[in-house]
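Chemist: Sequence plus predicted model, see below.
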Amino acid sequence: MSRPELIDRLGRPGSPRRVVLASSDGYLACWAAADLQPAQTGAGIDVVALAAGTEGWARSGRPLASGPAEMLSPVADVYRRPYEGTGVDPAVMQAYLDWEYGLVDQLRRDGTHGFAVLAP
């Protein structure tokens, strides 16, 4: 979610008044909270970072949860490889593997890419 989308979402009726940002060690969350500072003051939103991140939270003995239960937006940045999942047709997986295994030879044949093939 982009910064303007987040600000717009937090400004809607019924939105949370406090948002806690978290990252593994807290550094990125602090940076993001500072970036949102100008927007939060006018909207009455308290955006804070979890001190010491999720690692510090866990070290303090507090429980951790996982999954999308409390996310502000749906997950939109997950890439699934063609061979992941239980309902993937084996032919799709094999086509991907054939392409991947043939990539070095393809690069050797194509002289327009500018990459040097380092593998034997």
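Modeler: Right, received. Where do you want to start? Residues are numbered from 1 along each chain as shown.
Chemist: Is it correct that residue 47 falls within a helix?
Modeler: No: secondary structure assignment places residue 47 outside any helix; it is strand (DSSP: H, G, I helix; E, B strand; the rest coil).
Chemist: I figured it hits residue 37, correct?
Modeler: Yes: the pair residue 47 / residue 37 is scored as a contact, 7.4 Å apart, by Cβ atoms under 8 Å. For the C-beta atoms, the positions are set from N, CA and C on the backbone; glycine is no exception.
Chemist: out of these two, which sits in the busier spot?
Modeler: Applying other Cβ atoms under 10 Å to residue 47 and residue 37 shows that residue 47 carries more neighbours, namely 23 against 9.
Chemist: show me what contacts the closest residue to residue 107 other than its chain neighbours?
Modeler: Leaving out its chain neighbours, the residue that sits closest to residue 107 by Cβ to Cβ, 6 or more residues apart in numbering is residue 117, at 5.2 Å. Residues counted as contacts of residue 117 (Cβ atoms under 8 Å, 6 or more residues apart in numbering) are 104, 107-108.
Chemist: Distance of residue 117 relative to residue 105?
Modeler: Using Cβ to Cβ, to the nearest Å, one obtains 9 Å as the distance from residue 117 to residue 105.
Chemist: what do you get for residue 60?
Modeler: When Cβ to Cβ is applied, the distance between residue 60 and residue 105 equals 53 Å.
Chemist: most centrally placed residue in this protein?
Modeler: residue 77 (5.8 Å; Cα atoms, centre = their mean).
Chemist: where does it land in three-state SS?
Modeler: Put simply, residue 77 is coil when judged by three-state DSSP.
Chemist: Over to residue 36?
Modeler: When the rule is three-state DSSP, residue 36 gets the label helix.
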